[in-house]
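1. What follows is a predicted protein model with its sequence.
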Amino acid sequence: MQEMIKVVDLTKVFGTHKAVDGISFAVEPGEIFGLVGPNGAGKTTTLRMLTTLLTPTSGLGLIGGYDIVRQASEVRRLIGYVPQMLSVDGSLTGYENLLLFARLYDVPSGMRDRRIREVLSLLHLEEAAHSLVKTYSGGMIRKLEIGQAVLHFPKVLFLDEPTVGLDPVARRNVWDHIKSLRDKYNTTILVTTHYMDEAENMCNRLAIMHMGRIAAMGTPEELKRETNKDGATLEDVFAYFTGATIETGGTLRETARIRRTARRLG
Amino acid sequence: MKRPELEEQLEGWAKRPEWFKNMMERFVAIVVKSYAMAEMEVRKLRHDPTELLARSVQPILWLGIFGQAMSRTRAVPTGEFTYLEFLTPGILAQSVVFIAIFYGLSIIWERDMGVLQKFLVTPTPREALVLGKMISAGIRAVSQAIVVLLVAAVLRVRLRISIPVILGVIFVTMLGAAFFAGFSMIIASIVKTRERFMGIGQVITMPLFFASNALYPVSIMPDWLRLVAVINPLSYIVEALRSLLVTGDLVRLPLDICVLGLAALVVTAVSAFMYPKVVV
């Protein structure tokens, strides 16, 4: 079967800083693939290139066979993207937030209402559909954001730190929904996270990113086996392959953003 | 029975070059999606109309205090019209432009939140994202225009109110607001942060206002200032509104509308190009 995502030697340079340094990987249809690593490892930059928000400095990226640079508009029809930051409009209702994106994603007008209702019930948001998003809880907002990104049945869904700032119950809830999307529609899912327990339990395969490079790649079990240590955790795996401990690096600006997001969501 | 002419015609249609079809498709997409964006703006206003009240304070101060006081001095030559009549279109234009010029802030805000990134990964032409915002600014501007006209009515300013005049005012207000909203989005995509944008916004708005014909006629300005007023788009909005609401002398109205329309088109193209750069 053809790979859904194929990345070869992808590089992004900001000034003199190599944010992403020649990474390569491929993701099969229906796979949940995790990019794991501390803030500043290049995960978000990778995601932004694959979602056509940033142009790569060099290298190749294909989504469903389309080139992310030369065939950007074909790529945009195939994908859904849930950014790390808050991406719903608080002064609109949940239904209206979905309606806007149904229109932007060219969901035919005859199907729009039915599709929006389907998504609302899939995410258990029917009751809150007509209240302003301002009044939603963090977990509900996250679900609505995912809803916006799947209205058009995307082949690939990109999620950037989908559970940052959520409480444990909401985190599990969000993951259940992500998995059900994969099970129902065979959606390919690429997710970034720095929560090692989530990466281990939820992803089929992982790529561990460190300073713009992929330090190791494989299923969680494979990665743990390679450390030759009994009862190894993913933290151990990270330390083994990168020689560093997983710790929030990140700049002041990033930290401020994450905190702000967490506060708004909470 | 076959109809050769019709078939020929159909074939001719099918043979239209690819670029033509692509262009038409793009055009339709721009119209449909700008509408989608703008329609949400109307819904937002409906959800929270208190904002309109808050924004009516400034025009009340300008007309109610500044206008009343200046009327007494009779220092400004306003011909056969009272100063308050002369001033009302000026204040209307000013309050509309001030709303529009801070519209760029909303794209920085949306960038910081993540909504903008989400818009950009949808298959939406960039022109539609920009135009949608410009029309949204226009809608807000019209609501503001209504507030100013109500204030003027309370102060018993004599204006030429009729259906065609109101339609004209709505059109000019939307066009002017669209231009300034597009302009401010260009600035936003250059400066990229809220703080810098606010700074620039403050620096621009006041000179824009004072170097226009909003408060006094161009004829009493020194030559250098008159030159500034002529290239100031705000002057064209004021002139158009004044001719509609006060003088009824519509000779220069087509020129005003052409200038504003052309400026809005240029700004749309430039900001559609600049807009995605705000992400980085």
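-> Structure's in. What do you need?
2. Regarding residue B:160, what are the backbone dihedral angles?
-> phi -80, psi 90 (degrees, to the nearest 10).
3. Look at it and report its pLDDT.
-> pLDDT recorded at residue B:160 is 91.
4. cool, residue A:265 as well?
-> Residue A:265 is given a pLDDT of 44.
5. Ok, residue A:163 next?
-> Note on residue A:163: pLDDT of 88.
6. thought residue B:178 was touching residue B:134?
-> Yes. Applying CB atoms under 8 Å, one finds residue B:178 in contact with residue B:134, separated by 3.9 Å. Placement of C-beta: from N, CA and C, glycine included.
7. where do the contact lists of these two overlap?
-> Listed contacts common to residue B:178 and residue B:134 are residue B:264; contacts here mean CB atoms under 8 Å, 6 or more residues apart in numbering or on different chains.
8. got the residues of the stretch 51-200 of chain B near chain A?
-> Within the stretch 51-200 of chain B, the positions near chain A by CB under 8 Å from any CB of the partner chain are B:112, B:113, B:114, B:115, B:117, B:118, B:119, B:120, B:121, B:122, B:123, B:124.
9. neighbours around the residue nearest to residue B:273 when sequence neighbours are not counted, how many?
-> Excluding the flanking residues, the one nearest residue B:273 by CB to CB, 6 or more residues apart in numbering or on different chains is residue B:126, at 7.4 Å. A total of 18 residues lie near residue B:126 under the criterion other CB atoms under 10 Å in any protein chain shown.
10. Could you check the pLDDT of residue B:126?
-> With respect to pLDDT, residue B:126 has a value of 90.
11. got it, and residue A:36?
-> Per-residue pLDDT puts residue A:36 at 91.
12. how about the helices in the chain?
-> Picking chain A for this. A:43-50, A:72-78, A:94-104, A:109-122, A:138-150, A:168-185, A:196-202, A:220-226, A:234-242, A:252-265 (DSSP state H).
13. Switch to chain B, please.
-> Ranges of helices within chain B are B:4-14, B:18-47, B:50-55, B:57-61, B:68-73, B:83-101, B:104-113, B:115-120, B:126-154, B:163-191, B:194-210, B:223-231, B:233-242, B:253-274, based on DSSP H.
14. Contacts only, for the residue nearest to residue A:58 when sequence neighbours are not counted.
-> Nearest non-adjacent residue to residue A:58, counting by CB to CB, 6+ apart: residue A:11, 4.7 Å away. Listed by CB under 8 Å, 6+ apart, the contact partners of residue A:11 are A:18, A:20, A:21, A:22, A:23, A:56, A:57, A:58, A:59.
15. Next, format those residues as JSON lines and append pLDDT.
-> Converted to JSON lines, the contacts of residue A:11 look like this (pLDDT from 0 to 100):
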{"residue": "A:18", "pLDDT": "92"}
{"residue": "A:20", "pLDDT": "95"}
{"residue": "A:21", "pLDDT": "94"}
{"residue": "A:22", "pLDDT": "94"}
{"residue": "A:23", "pLDDT": "96"}
{"residue": "A:56", "pLDDT": "96"}
{"residue": "A:57", "pLDDT": "95"}
{"residue": "A:58", "pLDDT": "95"}
{"residue": "A:59", "pLDDT": "95"}
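16. Just the ones of those in strands?
-> Counted as lying in strands by DSSP state E, out of these, are A:18, A:20, A:21, A:22, A:23, A:58, A:59.
17. Would you list the buried entries among the residues you listed?
-> A:18, A:20, A:21, A:23, A:59 (16 or more other CB atoms under 10 Å in any protein chain shown).
18. What is the nearest of those residues to residue B:171?
-> residue A:20 (48.8 Å; CB to CB).
19. Might one say that the closest one is in contact with residue A:212?
-> Yes. Shown here, residue A:20 and residue A:212 form a contact pair, counting by CB under 8 Å, at 5.0 Å.
20. okay, and the common contacts of the two?
-> Listed as contacting both residue A:20 and residue A:212 by CB under 8 Å, 6+ apart are residue A:42.
21. Distance to residue A:152 added to the helices of chain B, as a markdown table?
-> Compiled in a markdown table, these are given as follows (distance: least, CB to CB, whole Å):
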| stretch | distance to residue A:152 |
| --- | --- |
| helix B:4-14 | 29 |
| helix B:18-47 | 14 |
| helix B:50-55 | 32 |
| helix B:57-61 | 43 |
| helix B:68-73 | 57 |
| helix B:83-101 | 32 |
| helix B:104-113 | 21 |
| helix B:115-120 | 13 |
| helix B:126-154 | 17 |
| helix B:163-191 | 27 |
| helix B:194-210 | 32 |
| helix B:223-231 | 45 |
| helix B:233-242 | 39 |
| helix B:253-274 | 23 |
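22. need the contact list for residue B:94.
-> Contacts of residue B:94 by CB under 8 Å, 6+ apart are B:62, B:209, B:214, B:234.
23. Residue B:164 versus the second one, what's the distance?
-> If you measure residue B:209 against residue B:164 using CB to CB, to the nearest Å, the figure is 28 Å.
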